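Peer 1: turn this into a structure:
(one chain, ligands or ions: 1)
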Amino acid sequence: MKQKFCSLRGMRDILPGESALWQQLEGVAREVFGRFGFEEIRTPIVEETALFERGVGEDTEVVGKEMYQFLDKGGRDISLRPEGTASAARAYIEHAVHQKEPVSKWFYTGPMFRYERMKTGRYRQFHQLGAEVFGIAEPKQDAELIELAFAFLKKLGIENVRLELNSLGDADCRRRFSEKTRAYFSTHRHVLTEELQKTLERNPIRLLDSKEEVMAPLIAAAPVLLEHLDEASLEHFEELQRLLRLSAVEFTLNPRLVRGLDYYARTAFEIVADDALLGTASTLCGGGRYDGLLEQLGGPCVPAVGFAMGLERLCLLLGANTQPEPRGPLLFLADAGGGDEAWKLLSRLRKGGLAVEADLRGGSVKSQLKRAHKLGAQYCIVLGEAELQTGRAKLKDMRSSTEREIALEELEGILR
Ligand code: AMP
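Peer 2: Here you go, the predicted structure:
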């Protein structure tokens, strides 16, 4: 029996009908991110596993449980990237970019991989559009990034979203708060599952965004990070809020927003769309500041801030309302016995840079014209012996169903 192959669970094909929507998304991203001064970077999809362990955090779900990690043929421990920031930071350090320019504004788009439980809006291969800024510690940069995310969504026509904001304080503040949280949850250890007890030992702050039912009442009474912020982080956070108000960006404070990745410090934010199309996968964008990340990876002491958006979720939202413009060929050449001359004309027009289609299966003129309609061709020409002998043919405008006679020699000029 022949084996039937399917794509792996959680990994989707994007077929031509859908890829038009993706191209539209990527086009808008290039335009809007470019307008904000961001340049594109492209990094490899696989990296040393240790980069993610050190950069994202060994104890995070993303690295600890969900990475596609394997040994290559040389016995190197490598992983498919689960997110883009660690790779961007690695590239920044490797190329000593801070010695070349004081500020770098980068964006990237591409597939990420996480071995997650599949549901709507949650896949094992998914695509992120991310932005990273290196070299600016001021809250204005956090605000600019948030504005960029909103400008992008708005340009796509996605406006029914809300911004949630929190501050995680500096590294010291986080350490102190982590101990406080550990002490608090330790008094409730008996109700925690084994898994939650492990998190309590390794990364107690993560318990604050646990979705487990037993945790809800405990979380409600847990210490609140915003009340324990260090002074400088508090000032940073207040200034960010002031700047957002100035540019009329609405937000709500969410003191439970801790984000799943370890590298965040100070600002953390999420943009959420409450739309039934997304099910529980309602977070479109997550980001924040990670001033200590570069140093942690052996790089210079350069502040950084960024975000990432999930493109599948944007497609889910857009797919319902958007029908990308069909882009058929400019001209369809129907061959009614034109033979080699028709073939040569097709070649000549394409070499000249025109979008021309023909039905290479041949067949009746009627079936060829049907194909021209299906492709959405703008014009059509039927080439038979008579046309080739006289050098004249009828150029049919497929939309208005009108036609006019032209000299084949003038065809290119007319189409242009
Ligand atoms: P994160 O890197 O976890 O902060 O995620 C940033 C954004 O990427 C999320 O807000 C989602 O839009 C998207 N995302 C994360 N994980 C997945 C996934 N498994 N499938 C689809 N999108 C995802």
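
Peer 1: all contacts plus neighbour counts: C-alpha atoms, from now on.
Peer 2: OK.

Peer 1: what sits up against the lengthiest helix in the chain?
Peer 2: Longest helix in the chain, counting residues (DSSP state H): helix 16-35. Outside helix 16-35, the residues that touch it by C-alpha atoms under 8 Å, 6 or more residues apart in numbering are Glu39, Phe107, Leu148, Ala151, Phe152, Lys155, Leu156, Cys315, Gly319, Thr322, Pro324.

Peer 1: just the helices in the stretch 301-416 of the chain please.
Peer 2: Secondary structure of the stretch 301-416 of the chain by DSSP state H, counting those that start in this stretch: the helices cover 311-319, 339-351, 365-375, 385-390, 411-415.

Peer 1: what's the angle from the longest helix of the chain to helix 311-319?
Peer 2: Put simply, helix 16-35 runs at 110 degrees to helix 311-319, going by axes from the mean of the first three to the mean of the last three C-alpha atoms, to 10 degrees.

Peer 1: mind listing what's buried in helix 16-35?
Peer 2: Ala20, Leu21, Trp22, Leu25, Val28, Ala29, Arg30, Val32, Phe33 (16 or more other C-alpha atoms under 10 Å).

Peer 1: got those residues as TSV, with distance to Glu212 and pLDDT columns?
Peer 2: Shown next, in TSV, are the buried residues of helix 16-35 (distance: C-alpha to C-alpha, whole Å; pLDDT from 0 to 100):
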residue	distance to Glu212	pLDDT
Ala20	39	89
Leu21	36	91
Trp22	35	93
Leu25	35	95
Val28	38	97
Ala29	36	97
Arg30	39	97
Val32	39	98
Phe33	37	98
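
Peer 1: if we can go back for a sec, can you tell which of the helices of the stretch 301-416 of the chain is closest to the ligand?
Peer 2: Of all those, it is helix 311-319 that lies closest to the ligand, at 5.9 Å by C-alpha to the nearest ligand atom.

Peer 1: near the ligand, which residues of the stretch 1-150 of the chain?
Peer 2: Counting by C-alpha under 6 Å from any ligand atom, the residues of the stretch 1-150 of the chain lying close to the ligand are Glu83, Arg114, Gly121, Arg122, Tyr123, Arg124, Phe126, Gln128.

Peer 1: the fifth one reaches Gly10, doesn't it?
Peer 2: Yes: with contact taken as C-alpha atoms under 8 Å, Tyr123 and Gly10 are classed as touching, separated by 4.6 Å.

Peer 1: more neighbours, the two?
Peer 2: Set Tyr123 next to Gly10 and count neighbours by other C-alpha atoms under 10 Å: Tyr123 wins out with 20 against 17.

Peer 1: that one: what's it in contact with?
Peer 2: Tyr123 touches Gly10, Met11, Arg114, Glu116, Arg117, counting by C-alpha under 8 Å, 6+ apart.

Peer 1: can you say which of the residues you listed are buried?
Peer 2: Buried among the contacts of Tyr123 by 16+ other C-alpha under 10 Å: Gly10, Arg114, Glu116.

Peer 1: pretty sure the second one contacts Val62?
Peer 2: Yes: assessed by C-alpha under 8 Å, Arg114 is found in contact with Val62 at 6.8 Å.

Peer 1: give me the common contacts of these two.
Peer 2: Taking C-alpha under 8 Å, 6+ apart as the contact criterion, the common neighbours of Arg114 and Val62 are Pro82.

Peer 1: quick one on the thing from earlier: only whichever of the contacts of helix 16-35 are buried, select them in PyMOL.
Peer 2: To isolate in PyMOL the members of those that are buried, counting by 16+ other C-alpha under 10 Å, one can use:
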select buried, resi 39+107+148+151+152+156+315
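
Peer 1: most tightly packed of the helices of the stretch 301-416 of the chain?
Peer 2: helix 311-319 (a mean of 19; mean count of other C-alpha atoms under 10 Å).

Peer 1: which residues touch that helix?
Peer 2: Contacts for helix 311-319 (C-alpha under 8 Å, 6+ apart): 21-22, 121, 126-129, 156, 158, 275, 277-278, 281, 284.

Peer 1: swap in 6 Å and give it another go.
Peer 2: The contact list for helix 311-319 (C-alpha atoms under 6 Å, 6 or more residues apart in numbering) reads Gly121, His127, Gln128.

Peer 1: before we move on, the earlier item: in strands, which of the contacts of Tyr123 fall?
Peer 2: Among these, none falls in strands (DSSP state E).

Peer 1: would CSV of those with pLDDT and distance to Phe177 be doable?
Peer 2: Below are the contacts of Tyr123 laid out as CSV (pLDDT from 0 to 100; distance: C-alpha to C-alpha, whole Å):
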residue, pLDDT, distance to Phe177
Gly10, 95, 36
Met11, 96, 38
Arg114, 97, 29
Glu116, 92, 29
Arg117, 88, 31
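
Peer 1: pull the contacting residues for Ala336.
Peer 2: Counting by C-alpha under 6 Å, 6+ apart, Ala336 touches Leu383, Gly384.

Peer 1: which strand residues bridge it?
Peer 2: Gly384 (DSSP bridges).

Peer 1: in a strand, Ser129, correct?
Peer 2: That one is not Ser; residue 129 is Leu. Yes: counting by DSSP: H, G, I helix; E, B strand; the rest coil, Leu129 is part of a strand.

Peer 1: mind listing what it touches?
Peer 2: Contacts of Leu129 (C-alpha under 6 Å, 6+ apart): Tyr108, Thr109, Ala308, Met309.

Peer 1: just give the nearest non-adjacent residue to it, would you?
Peer 2: Once flanking residues are discounted, Leu129 sits nearest to Thr109: 4.4 Å by C-alpha to C-alpha, 6 or more residues apart in numbering.

Peer 1: which stretches of the stretch 151-300 of the chain have low pLDDT?
Peer 2: Flagging of the stretch 151-300 of the chain using pLDDT under 70 yields the residue ranges 260-262.

Peer 1: ranges for the helices of it?
Peer 2: Counting by DSSP H, counting those that start in this stretch, the helices of the stretch 151-300 of the chain are 171-186, 194-202, 215-220, 231-246, 293-296.
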